[in-house]
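Q: Dropping a prediction and its sequence here:
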Amino acid sequence: MRNRLPIIRGLAAACCVGGMLYGGPALMAQSGDGTFSNPARFVPKDGERLYQSSCQACHMPAGEGAAGAAAYPALAKNRKLRTARYITSVVTNGQRAMPPFGPMLDDEQVAAVVNYVRSHFGNDYTDAVTAAEVKAVRR
């Protein structure tokens, strides 16, 4: 599985970057070392649109997750989401096959999509994440 991880991450990132176009034109400039220079930003600012444009392709429209070439965990009724810092770190910095969205989302956008996921799909975690909290988990 380790040999396939860069491929899975690349496919997930390509899918997610393609989703950025949902809110308007966006361009990604990737340097030779794999980092994003002058990264394009997701256009939507509200959590629902951000989820639709960047998350639901893998996690599905109702947050039910999927399995296939890779496993995409369900976000619906997910007890791991009760810890706001955990999901904020995963969205911002990535984890395993999930690409980091930190280079593409500002702190307010990360907070918006995290708050949306934590309060939808059968989740009822109402302690809202702030942009300051997102900033604190960025690597």
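A: It's in.

Q: hang on, V113 packs against Q56?
A: No - at 10.9 Å, V113 and Q56 do not qualify as touching, with contact defined as CB atoms under 8 Å. C-beta: built from backbone N, CA, C; applies to glycine.

Q: between those two, which one's more packed in?
A: Neighbour totals were compared for V113 and Q56, and V113 leads with 28 against 15 (other CB atoms under 10 Å).

Q: how much space is there between the closest residue to that one other than its chain neighbours and Y116?
A: Among residues not flanking V113 along the chain, L50 sits closest, at 4.1 Å (CB to CB, 6 or more residues apart in numbering). Distance, L50 to Y116, using CB to CB, to the nearest Å: 7 Å.

Q: what about these two, which has more around it?
A: L50 (28 against 20).

Q: Name the helix or strand for the more buried one, please.
A: Element membership of L50 [criterion: DSSP states H and E] is helix 47-54.
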